[in-house]
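1. Sequence and predicted model, in that order:
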Amino acid sequence: MKKSVTIVLFLMTAFFAGQRASAAGGEGPFFPGSRIALRDGDILLTYAPSLLNSCNRTFAKPEGKYAHALVYVELPDKGGRLVDFSANGLRISEVKNHLEKLREVALVRPRVPPDKGRLAAAFLEMKRLYDEKKIKFDFALRWTDAQDGRYYCAEFISHLFRESGLPDPFPLNSFPADDFWVNWYAEHLEIDYARIVSPNAPLHLPDFQLLSEYRSNDPAEERNEIILDTIFLRIGEYLHDDKADIRAPSLGSRLLVNIAGLGLTGGALVRGLPRKGRTVFVVLREYVLLVMNKVNRIISSHSDREWTREDIAVLTRRVADAFRGRYFVNRE
């Protein structure tokens with residue numbers, strides 16, 4: 001695993017260093033083997049295996065394989081930088097420093113570029129508001145036209161584009177009134193599912209063009225990706241098809257919910273969620289990590305076997321079902 005990661009990082013570093021943008025002032029090729037230089041307004045859709053990312057790309061609409069969105073902005077004092085708004089706050093970073101950590105990346109470009117300086121101006125105004133603590137991350141992931149000072153990644157970019165006179169890359173979805181997940185999110189998470197827009201939205205819009213994609217070649221990351229995606233697909237089947245409910249949290253999970261609510265631990269995401277959502281998230285995290293660790297142990301104990309994607313998925317479903325009764329109960 002270390003050797004594979006080292007090779008990927010070496011290639012990425014070499015390509016980032018090897019080609020710089022010319023007159024447009026953009027970044028060099030945004031991933032190994034690419035000849036595309038980034039330009040103002042480019043959107044990067046990303047995925048790295050994690051509980052939240054796999055949950056996001058499994059359930060958010062429109063569907064797709066990416067779980068987070070960033071935007072490339074030409075700043076007057078720094079040049080081209082990636083702008084990232086997440087539970088960890090507003091971050092400005094160089095491209096190579098960010099992409100090295102990711103499993104999958106897509107470059108999406110607006111067909112009509114922004115007028116020079118407009119996107120930077122919109123961003124700098126938002127950064128000023130952020131620095132003055134007038135805006136913050138929206139843990140309810142609720143897209144809204146009326147700016148209430150709370151944003152998540154896609155909504156933040158949507159605001160920048162609209163302020164710059166560009167088409168909206170993340171418009172709201174439409175759902176029927178009786179949509180299962182709209183009602184389930186409202187009841188169990190206190191989150192308005194109908195106002196959550198997946199980072200994959202620009203891939204479905206005519207005003208945006210998918211230019212290129214990159215996927216790192218790391219067997220351990222690929223295995224974790226398969227395991228996590230399979231677990232969340234199974235959870236969706238339990239809740240939707242089997243009409244199951246999530247059991248009450250264990251003592252350990254209840255303690256984590258309580259101390260996270262006090263801001264003592266649990267990370268920004270857990271602390272920021274509504275209490276119902278925080279409880280469900282902590283229970284599901286306990287379940288997902290239990291299944292994931294069990295699957296990895298089984299695979300490691302049979303290292304002489306060649307594990308295909310389907311083999312890993314089948315094993316994960318079997319382990320998930322074995323622990324189902326501990327975390328899910330059929331509705332009466």
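-> Alright, I've got the coordinates.

2. Can you pull up the most central residue in this structure?
-> In the chain, the residue lying closest to the centroid (Cα atoms, centre = their mean) is residue 67, at 2.7 Å.

3. ok, residue 39 touching residue 72?
-> Yes. Contact criterion Cβ atoms under 8 Å: residue 39 and residue 72 qualify, at 7.3 Å. To be clear about C-beta, it is placed using only N, CA and C from the backbone, and glycine gets the same treatment.

4. Which residue of those two possesses the greater neighbour count?
-> residue 72 (22 against 18; other Cβ atoms under 10 Å).

5. any idea how far residue 138 is from the more buried one?
-> Distance of residue 72 to residue 138, given as Cβ to Cβ, to the nearest Å: 22 Å.

6. Then residue 80?
-> Using Cβ to Cβ, residue 80 is found at 27 Å from residue 138.

7. pLDDT on the longest helix belonging to the chain, on average?
-> Longest helix of the chain, by residue count under DSSP state H: helix 275-301. Average pLDDT, helix 275-301: 88.

8. which secondary structure elements does it contact?
-> In terms of contacts (3 or more Cβ pairs under 8 Å, 6 or more residues apart in numbering; DSSP states H and E), helix 275-301 is packed against helix 51-59, helix 180-189, helix 219-240, strand 244-246, helix 251-261, helix 267-272, helix 309-322, helix 324-327.

9. could you dump those to TSV with mean neighbour count?
-> Compiled in TSV, those are given as follows (neighbours: other Cβ atoms under 10 Å):
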stretch	mean neighbour count
helix 51-59	20
helix 180-189	16
helix 219-240	19
strand 244-246	17
helix 251-261	16
helix 267-272	17
helix 309-322	17
helix 324-327	16
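
10. Quick one: mean pLDDT over the helix or strand harbouring residue 158.
-> Element membership for residue 158, per DSSP states H and E: helix 153-163. Across helix 153-163, the average pLDDT comes to 92.

11. Stretch 89-105 too?
-> Mean per-residue pLDDT for stretch 89-105: 79.

12. mind checking how far it is from the chain centre?
-> Stretch 89-105 sits 12 Å away from the centroid of its parent chain (Cα atoms, centre = their mean, to the nearest Å).

13. Could you work out the end-to-end span of that stretch for me?
-> 21 Å (Cα to Cα, to the nearest Å).

14. So for stretch 187-198, what gets flagged as buried?
-> Neighbour-count burial for stretch 187-198 flags 189, 191, 193-198 (criterion: 16 or more other Cβ atoms under 10 Å).

15. roughly how far out does it sit from the chain middle?
-> Once both centres are worked out by Cα atoms, centre = their mean, stretch 187-198 turns out to sit 15 Å from its chain's centre.

16. which other residues reach that stretch?
-> Residues outside stretch 187-198 that contact it (Cβ atoms under 8 Å, 6 or more residues apart in numbering): 56-57, 60-64, 66, 140-144, 154-155, 158, 170-173, 175, 179, 181-182, 184-186, 246, 273-277, 280.

17. If we use 7 Å, what do you get?
-> With Cβ atoms under 7 Å, 6 or more residues apart in numbering as the test, stretch 187-198 has contacts from 60-62, 64, 140-144, 154, 170, 172-173, 175, 181-182, 185-186, 274, 276-277, 280.

18. give me the number of residues near the residue nearest to residue 149 when sequence neighbours are not counted?
-> Setting aside the residues directly before and after it, residue 149 is nearest to residue 135 in space (Cβ to Cβ, 6 or more residues apart in numbering), at 4.8 Å. As a burial measure, residue 135 scores 21 neighbours (other Cβ under 10 Å).

19. Which members of the contacts of stretch 187-198 are classed as buried?
-> The buried subset of these - by 16+ other Cβ under 10 Å - is 60-61, 64, 140-143, 154, 170, 173, 181-182, 185, 277, 280.

20. Tell me the one of those residues nearest residue 309?
-> Nearest to residue 309 among the buried ones among the contacts of stretch 187-198, counting by Cβ to Cβ, is residue 64 at 18.6 Å.

21. For the residue lying closest to residue 197 once chain neighbours are set aside, which three-state class applies?
-> With Cβ to Cβ, 6+ apart as the criterion, residue 197 has its nearest non-adjacent residue at 4.5 Å, and that residue is residue 170. Three-state assignment for residue 170 (DSSP: H, G, I helix; E, B strand; the rest coil): coil.

22. Show the contacting residues for residue 170.
-> Contact analysis of residue 170 by Cβ under 7 Å, 6+ apart lists 154-155, 157-158, 197, 201.
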